[in-house]
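J.: following is a predicted model, sequence given first.
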Amino acid sequence: MDHRSDAAEPFSDAQRPTATEAEEAVRTLLRWAGEDPSREGLLDTPGRVVRSYEEFYRGYAEDPHEILSRTFSEVEGYDEIVLLRDIRFESHCEHHMVPIIGLAHVAYLPRSRVVGISKLARVVEVYSRRLQVQERLTAQIANTIDQVLQPHGVAVMLEAGHQCMTTRGVHRPGVSMVTSRMLGVFRDNGDTRRELLSLLSKRSSVSPFE
Ligand SMILES: Nc1nc2c(ncn2[C@@H]2O[C@H](COP(=O)(O)OP(=O)(O)OP(=O)(O)O)[C@@H](O)[C@H]2O)c(=O)[nH]1
Ligand SMILES: [Zn+2]
């Protein structure tokens, strides 16, 4: 059994199964569900599932530190909060491998260099495209921005619906989970934190759970 502490980090497995073996595993699950994998409608399903997995889990092959490495400094001394709000993300919970769908809000207070805002959304995407629990996803996004940009502060807030709570198990539609991680001035300075919360309270009412 694997006891790595740094969960959801890329794991180099020399015995990684081939796509053909993965497809065979899907056929096993189909049979287990009560299906006949050889019927016409299911013939291409294992291949589709494996290609879907490549998409759902491609974050293991991407390096979020690299994404943030290109910064620029010609911003006329801009030193206020930068907030990217309502970044939709799609992840999968590591307990049931079913979707977690939500919105991320990512803020930082630049020290001297800023990053292209799409890169913040890309960092959210890379970590989302791994098996997750929401707390770790939140922390990983914040920690990476903190480590690479070394800003005065970072704040990450996620609100999401967990399909393992809606389509199975406890069956509670409409419940969302909210997590946040505040670092630097967002943690230590009440004024900065309040300013962020005031910016966030002007949120649009986009529904993340479609
Ligand atoms: N803290 C946290 N819990 C999560 C997250 N995603 C799923 N879970 C929970 O993980 C737990 C796993 O509990 P188990 O009792 O091992 O699994 P289970 O028998 O399938 O549990 P039920 O979902 O209650 O049917 C459940 O309570 C899930 O709701 C997450 O991102 N964060
Ligand atoms: Zn789950």
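T.: Right, received. Where do you want to start? Ligands and ions are numbered 1, 2, ... in the order given.

J.: partners of the helix or strand of the chain at the bottom of the mean pLDDT ranking, with directions?
T.: Lowest mean confidence among the helices and strands of the chain (mean pLDDT, DSSP states H and E): strand 71-72, at a mean of 86. Strand 71-72 has these partner strands in its sheet, going by DSSP bridges: strand 114-115 (antiparallel).

J.: hmm, who's touching the partner strand?
T.: For strand 114-115, contacts defined as C-beta atoms under 8 Å, 6 or more residues apart in numbering pick out 68, 70-73, 75, 78, 82, 149. C-beta: built from backbone N, CA, C; applies to glycine.

J.: closest to residue 37 among the residues you listed?
T.: residue 68 (43.1 Å; C-beta to C-beta).

J.: would you mind measuring from the closest one to residue 148?
T.: Here the distance between residue 68 and residue 148 works out to 4 Å (C-beta to C-beta, to the nearest Å).

J.: just residue 101 next, same as before
T.: Counting by C-beta to C-beta - residue 101 and residue 148 are separated by 26 Å.

J.: pLDDT below threshold where in this structure?
T.: Scanning the chain for pLDDT under 70 picks out 1-7, 203-210.

J.: now do the SS call for the closest residue to ligand 2 within it.
T.: Going by C-beta to the ion, ligand 2 is nearest to residue 164 of the chain, at 2.8 Å. With DSSP: H, G, I helix; E, B strand; the rest coil as the basis, residue 164 sits in helix.

J.: element containing the closest residue in space to it that isn't next to it in sequence?
T.: Nearest non-adjacent residue to residue 164, counting by C-beta to C-beta, 6 or more residues apart in numbering: residue 96, 4.1 Å away. Assigned by DSSP states H and E, residue 96 belongs to neither a helix nor a strand.

J.: could you chop the chain up by domain?
T.: 19-56, 66-201 (automatic domain parsing).

J.: work out the gap between the shortest one and the centre of the chain.
T.: Meaning domain 19-56. Relative to its parent chain, domain 19-56 has a centroid offset of 25 Å by C-alpha atoms, centre = their mean, to the nearest Å.

J.: try the last one
T.: Average the C-alpha atoms of domain 66-201, do the same for its chain, and the two points are 8 Å apart (C-alpha atoms, centre = their mean).
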